[in-house]
Structures are given as C-alpha cells and as structure tokens.
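Colleague: 3D, please:
(one chain, ligands or ions: 1)
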Amino acid sequence: MKVGTGLAGFVKLAVVLSTYGAAPASAESWTTPIATGGKSWKDAFAKASSLVNNMTLAEKVNVMAGIPGSCVGNIGGVPRLNISGFCLEDGPAGVRPLHGVSQFPAGLTTAATWDRELIYNRSYFMGKEYYDQGVHIALAPVTGGPLGRAPLGGRNWEGWSPDPYATGVASYLSVLGIQDAGVMATAKHFIGYEQETFRNPYNLDEAYSVFPAGVQAPISSNIDDKTMHEVYLWPFAEAVRAGVAHVMCSYNNLNGTQACENSFTLSHLLKTELNFQGSVISDWGGQHNDVDTLMAGLDMAMPGSGFGGLFGQFWSDLVQLVENGTVPEDRVTDAALRILTPYIWLGQDETPLPEHVFNALPTLWDAPDVYRDVRQDYTAELIRKIGAESATLLKNTGGLPLQNPQRIAVLGNDATDNALGQNACGGAGTACPLENLNGTLTLGGGSGYAYAPYVVTPLDALKQRAIHTGAEISSITVIEGYDAAVQSLVPTSDVTVVFVSGWSTEFEDRPGITLDNNADALVAAAVNSSSNVVVVMHIPGVVDIEKWADNENVTAIVAAWYPGQETGNAIADVLYGAVNPSGKLPFTWAKSLDDYYPNTIVSDPVLEPQSDFTDGVFIDYRWFDAQNITPRYEFGFGLSYTTFEYSGLILSEPQTSSSTLFRSISLNSSAVSASLKLSSAGFISDSDSLQDTAEPFADFDGSNSLYDVVLEVTATVSNTGESSGSEVAQLYVSIPGDGQPVRVLRGFDKAKDIAPGASSIASFELRRKDLSVWNPVKQAWEIPKGQFIISVGASSRDLPLSETWSRS
Ligand code: NOJ
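Modeller: Numbers count the residues shown, from 1 in each chain. Coordinates of the predicted model:
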C-alpha cells in the first residue's frame, strides 16, 4: 500500500494513525489470495475450476472485462462453454434503469423500521424483479459506503445507518434476500466512501469540479486501523458472511491509494481477513489503470469498454498484458474463478434467466424504451408496509392519530404530483429541478433512483380517506404566493397537514440541512393560522426544524423519509392510526449542523484533497455521547401512539454457541412464502452464515468462532397505553477501556403488535465480536478485560435497564 501520495496527506494520516496505531502498512503491496470457494461454494467452485481450466486466456478475459451492451454493465460470457453473458443493473432501491419494476423505499427508510423481516422481504422481492428482468448481477446493496459519517453526504439515503452494527444486520439480510431470489448481489462501495465532493478525478458534470478533467486526485479517506475494523469494515464482514457474490470498490482513495487499486483493502482486508471468495467489481470510472488494479485484487472491470469508452477501455488489452509477461495468468484465472463461482452457485449457468428485452441502448442515466411489467402482486403491499412502519413520530402533543377530522387542509408541494412527471427528479439526468414544483419526494437521485411505475401521493391517499369518512379536504400546493389562501383555508380546518421535503442525490453532497422550497415559511404560515398543525417530512436525513419544532401549534412531527411509490398510502395509514408508528431514528438528529463532528465533507480545492477521519470510532451518537451534546432527537428515538415500559433484564450464558441473530424471518403472505429458500421454521440461523471470515481474534482455540454467541439477553416490553403497537427494543454495550465510546449498539429486536396491557419478550444475542475491540498491535479482535455495562431500552438515551458483565 502506498500511504499518502501527497505530503499533506501523509502528515495528516500520521496524526490519525498515532491515535490508534498504524495499519499494518509497512509492506508496499499485498498479494491477492487465490480463491478456494470457502464454506458454501465448494461444489460451485469445483465446477467453476473445471470450466476455467478449459478456457482460453481470451475466454477468461471475456468474463472479466466489461463490454458495450444494453445493461448498465455487460459481460460477454463464453458461448462455447454455455456461460451466458451477464447483465448488471443498478440499485439499491429498485432495478434501474428499467421500467415495469417497483420503486422500493430507500435503504434509510427501511432501516428506520428496524424490522428484519421487512429488510429481508424488500430485498427478496426486489431480487425477483431483477431476476425476471434477466439481470444476473444487482448492483445492490449499499453496505456502509457511504455509512453516513457526514450528515450532508449525498448518498446516505441509499444505505442504512451510520451505526456499523445496524448497517451490518441490514446488509446481511439484503444480500440473503437478493440472492435467495437467484440474483448475484454486490456489496458496495468498498470502502471509506463518505462524500460525493471530489469523488472522481475526471470532470464530467460534477457540480464540484474545480480542475480540468483528470487532474485532481479523488478525495482520500484517511482511516486508522481500529476505526477501519470497528466501523467501516464491519458491515462488509456481514455481507461476506451472508455469501455476497461481488463487492464494488469505490471512487475515493483510501489512505492515499485509489480504492480499486488498493491491495491493502482489497487483498488484505477483504480477501484475506474477511476471506471473501467472490469478485471485486470496479465502480464505473473507479478503475484508473490496467495493471495496478488487477494486481491489487480487482476482478471485473466496469464498464470496461462500455459506454463508448467514456470511463476508459480498461482490460481490453488484458490478453496482451498476460502474453507479454506484464501480469501473470494466475491472477486472471483467479479472477475468472471468483466471477464464475457464485454464478454457478446460484444456478444461473443451468437455468438461464429470462431474456432481458431492450431495443434501445441506454445512455448512462436514461431508461431503455421497452416496458415489461415484472411486479408481483404482493410488492406494492410490502412497499406500503415499509413506508408505514418506517414513519418516525418525533413529536406528538395530540395531533395524531387524526380524530375523524371534518375539515382537513393539506399544504405543501410535497403532498402532490411532480408537475414534470413522477420521475422528473432522479430520472434521466440527475438534478431535481428545484425551481419547478418537484412534488412529493419518494427517493433521492442518481444511480440509486428507481423509476416509479406510479406514485400514490399523500394528497391522493388523504382524499380517499376523506371521501370515505365524509370529510372536506382542500390543498394548497404552490411554493409561493400562498398567504391569502392559507389565511382563508387553514383557520376553518380541524387539522392542517404540512408536507415538506429535502432533496439529496448522487454526485453532490447536500448544501445544508435547510428544508427545500422555503418550507419553514410555509410551516410558519400554517402555525400562524392554526393550533393544530401536523408536519410530515420526506427527507434523506437530518433537516433543521428548530424554527418551529417547539411551537405549540405544531402538534405532531413525522419523518417519513423516502418511501417509494406507495408514499401516500403509507402516510395515510399512519396519520389515521391504521398503523401505529414504530419507526426509530437510525442516526442522530442534531439541533444544528455545528453539533456534528466538523468538516466531514472536505471541499478544499486542492490537487490532492484529504479527508482525515479523526473522529475515529466516534461516529454519530458516539460523538454526541462523548462530547455530552444534547441532540434534538437521539439515535434510536421514535414515539408511538401508545407507551411502553421495560423490565426484567436477564443475562445468561447461551445453551449452544450457535447464534440465531437473524431469526424469525418470514413472509406475511403465504402465497409467496413457498418460493423462499427459508427453512420450514422460517429461521435463518447465524450458524448458517454462508461464508466464514478469517478475522483473527485473541482467544481462538482452534474451533471457536468470532461469531459464537457468548451472552444471551432478554427484557420484557410492556404496552402500558391504550392502543396496540410495536416497539424497537435496543441493546447497547459499554465496553471497558480507554478511548471507547460511552456505548455502542449491539442488538435490536422489534417486539411487534403488543396489545394494550400485554407484554412481549425482546431477546438479543451478543457474539464474541459484539464484545470485542480491534487491537491494532496484535492485529486481532479481543474482548477487553474489565466490566461491561449492558443496557436495554427505547433509544440510545433512554435505557432504563442495565446489568454488568465482567471478563477477568
Ligand atoms: C456509479 C455509482 O457509484 C454506483 O453505485 C453505480 O452502481 C454505478 N455508477 C453504475 O451506475
């Protein structure tokens, strides 16, 4: 690994590394290990080996180097051996850029449900759509790149949570879901990809461009060894354990070396420590050369020579490079094996996927003009359910649930259709035309946007309810010139529901946390005319609500995130109380941007921009806890229409060492459950993890695992209110030792549908890794000696139960 190509980068990195100990970076490069197939892919690996042994050099290169074609990424295949070409399409919120597919809720939205079943089901049904469209490789899920270190990060909504444990669970389940549907998943973007600004050295249309094309180095994320392991690598370890087929390397530099030619991250961390057996795919434009990338551990060049060579023509000369001795054929053979093994493991070689039907070549962002509907009946219901279950009630002084209002005022352009078509934001091109009326936001923009087949807007759904209940409903959806209309409509209404939004997209980081379209003024107009104002926000993360959050006329605030095509039905379910809100924040909601760790988006216009992750492991709530900063709403916070009490915390040694961390995954619909690969009990036991990592840990005895359960925890959650509801119980661990966060999330369990007066048991399993820290000197995980505090409760700052556990 080359550390810090620029002097400034090197000096700053040295400061970072002195905090926690340097990465084992003394060696210049790390050799890519030869794949073995690992635990679950042995048979597929044997079959792939015999195929690859029969392949010519040119044929091996054919499965590695992208070519022009009708998908976002295309691989040629080997017709002589019946190896099909591969079609790669985008995600992670639906099959992009196709039509006839569903627009699912964003990852962040799904994370806010804290519901393993919904996380899995979203990916499974999305996976079916990839499959039915003839897509071999889904470019999903986002697996902690970005994790969400920067509150302004443009793509945070594509992923899950800045907490590595939460993102790890979501990544694990998403990989299972997509691959259970027969499609290869891609964990992206590896690694340390936390800002859009300066992500690329070239100069296409980036808003941030300051130098001519190709001149500026990509932003370098400079991350110390402890932080890398405990924060950024953690979710990728879970994706590998779930058997992810591919990993996409990211655009940024990592400690001075580009992520797709970084032998430390690709060959050491990913392929050695995590024992990853699949292939590494470059992000489109993330590959900058032929040889260093291959030798560092890149296995598939994307888009290779596709897109008219826009991103280069990488590996189109790979055959010659082997023949003239520049690169060894063994590396090429290993790459071909890594690509073909999961393809065979999923049976794509024996049962060809449905043909993908396109009659127009897509440009990078436009959809082909063929329409083929592959949506399942159940999918819209699932999307609606995720939308409702993710809605996070932040304030409620009596505004919700709506009590059969007779006259309803709806304000805000975010309540209604986009005047330019529902896909005008995030569709062809990347910009949401803010100067126009953007309508309700269902997703953010860029390659993570999925084309909505329709959008049921909030206004559509609320009108249906009003028709049903005999209420009068009126709306004002302009973004200026509404004062007189508001003053006449709002005072005569029983309730005013204001819909506001914030846009976020790939290619640029958010400019700030102010709501779009002057929304604060709209809320002000509403509260000046009504004492019962409910605010609903469609947002990608934190926004500034300080001007009105404490106003007594604001009687409820709901964060509804980016909910996908069923947005209106989902929010109507919540507003009317058909669904009792149970979403909780998967990040910390500060009062001010200044309360977050500073300078997490680096925009200095220099040739080698450096982002030093000096916050270390103190990401998100860990920073607020360590600095004693009071947020507006803490990590894990969310209200309900009922109330819950916690009691009876019990810690016990496990009966068996195998974990069922991801248990109780089942589908609601019996009609579709038959097609799932789940065991009959509907259990996915952690002992069934498809691949084992090779992460070193201190008390390894030859047969134990870093993922063995060492502690079981249960707590009783009682519904003390008047209505049935679900509660996300959370477990935090305070790990002893200097420099540890006050507490870290290490478990969550959604206790569902508890009747008033009834109780439910929330259970958690702590694995050895969950109690460990990374020791940079020993280069191993270890459980520190001393007293641990295990706390359980409703949020990161509402933890009524705690017990200690010691390791001597
Ligand atoms: C760029 C994005 O970073 C990545 O997520 C996407 O899969 C590729 N382009 C292909 O569109």
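Colleague: roughly how far apart are Thr109 and the ligand?
Modeller: Distance from Thr109 to the ligand, counting by CB to the nearest ligand atom, to the nearest Å: 18 Å. C-beta: built from backbone N, CA, C; applies to glycine.
Colleague: what ranges do the strands span in the stretch 351-500 of the chain?
Modeller: For the stretch 351-500 of the chain, applying DSSP state E, counting those that start in this stretch gives strands covering 392-396, 407-411, 472-476, 495-501.
Colleague: which one of these lies closest to the ligand?
Modeller: Among the strands of the stretch 351-500 of the chain, the nearest to the ligand by CB to the nearest ligand atom is strand 495-501 (23.0 Å).
Colleague: Give me the sheet partners of that closest one and which way each runs.
Modeller: strand 407-411 (parallel), strand 533-538 (parallel) (DSSP bridges).
Colleague: Could you pick out the residues of this protein near the ligand for me?
Modeller: Counting by CB under 6 Å from any ligand atom, the chain comes close to the ligand at 72, 90, 139, 188-189, 283-284, 447.
Colleague: in those residues, which two residues are the furthest apart from each other?
Modeller: Farthest apart among the residues of the chain next to the ligand by CB to CB are Val72 and His189. That separation is 14.7 Å.
Colleague: what about the helices in the stretch 101-250 of the chain?
Modeller: Assigned by DSSP state H, counting those that start in this stretch, the helices in the stretch 101-250 of the chain fall at 107-111, 116-132, 164-180, 225-227, 234-241.
Colleague: Name the stretch among those helices that sits most buried.
Modeller: With neighbours defined as mean count of other CB atoms under 10 Å, the helices of the stretch 101-250 of the chain peak in mean count at helix 107-111, which reaches a mean of 31.
Colleague: for it, packing partners?
Modeller: With contacts defined as 3 or more CB pairs under 8 Å, 6 or more residues apart in numbering; DSSP states H and E, helix 107-111 has these neighbours: helix 116-132, helix 164-180, helix 377-390.
Colleague: distance of Pro68 from Tyr130?
Modeller: 21 Å (CB to CB, to the nearest Å).
Colleague: And Thr272, by the same measure?
Modeller: Counting by CB to CB, the separation of Thr272 from Tyr130 is 30 Å.
Colleague: for Tyr454, same thing?
Modeller: Going from Tyr454 to Tyr130 by CB to CB gives 20 Å.
Colleague: confidence score at the residue in the stretch 501-650 of the chain that the ligand sits nearest to?
Modeller: Per CB to the nearest ligand atom, Glu506 is where the stretch 501-650 of the chain lies closest to the ligand, at 6.5 Å. On pLDDT, Glu506 comes in at 92.
Colleague: same thing with Asn203?
Modeller: Predicted confidence (pLDDT) for Asn203: 68.
Colleague: what does the one 5 residues further on give?
Modeller: Model confidence at Tyr208, given as pLDDT, is 80.
Colleague: what sits up against stretch 413-421?
Modeller: 424-425, 427, 433, 436-441, 455, 457-459, 462, 475, 477-479, 497, 499-501, 517, 519, 536, 538 (CB atoms under 8 Å, 6 or more residues apart in numbering).
Colleague: What subset of those residues is buried?
Modeller: Among the contacts of stretch 413-421, those classed as buried by neighbour count (16 or more other CB atoms under 10 Å) are 424-425, 427, 437-441, 455, 457-459, 462, 475, 477, 479, 497, 499-501, 517, 519, 536, 538.
Colleague: any idea how far the closest residue to Met184 other than its chain neighbours is from Phe264?
Modeller: Spatial nearest neighbour of Met184, chain neighbours left out: Ala245 (3.7 Å); criterion: CB to CB, 6 or more residues apart in numbering. From Ala245 over to Phe264 the distance is 23 Å, taken as CB to CB.
Colleague: Tabulate the helices and strands packed on helix 107-111 (CSV), appending mean pLDDT.
Modeller: Below are the helices and strands packed on helix 107-111 laid out as CSV (pLDDT from 0 to 100):
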stretch, mean pLDDT
helix 116-132, 95
helix 164-180, 96
helix 377-390, 95
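Colleague: and Val606, which of those is closest to it?
Modeller: helix 164-180 (29.9 Å).
Colleague: Alpha carbons only: can I get the closest one in PDB?
Modeller: This file holds the C-alpha atoms of helix 164-180, laid out as PDB (Å, rounded to 0.1, in the frame of the first residue of the first chain):
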ATOM      1  CA  PRO A 164     -22.000  -0.200  11.700                       C
ATOM      2  CA  TYR A 165     -23.900  -2.900  13.700                       C
ATOM      3  CA  ALA A 166     -27.300  -1.700  12.300                       C
ATOM      4  CA  THR A 167     -25.900  -1.500   8.800                       C
ATOM      5  CA  GLY A 168     -24.200  -4.900   9.200                       C
ATOM      6  CA  VAL A 169     -27.600  -6.500  10.000                       C
ATOM      7  CA  ALA A 170     -29.300  -4.800   7.100                       C
ATOM      8  CA  SER A 171     -26.500  -5.700   4.700                       C
ATOM      9  CA  TYR A 172     -26.600  -9.300   5.800                       C
ATOM     10  CA  LEU A 173     -30.300  -9.600   5.300                       C
ATOM     11  CA  SER A 174     -30.300  -7.700   2.000                       C
ATOM     12  CA  VAL A 175     -27.600 -10.000   0.500                       C
ATOM     13  CA  LEU A 176     -29.600 -13.000   1.600                       C
ATOM     14  CA  GLY A 177     -32.800 -11.600   0.100                       C
ATOM     15  CA  ILE A 178     -31.400 -10.700  -3.300                       C
ATOM     16  CA  GLN A 179     -29.500 -14.000  -3.600                       C
ATOM     17  CA  ASP A 180     -32.400 -16.100  -2.400                       C
END
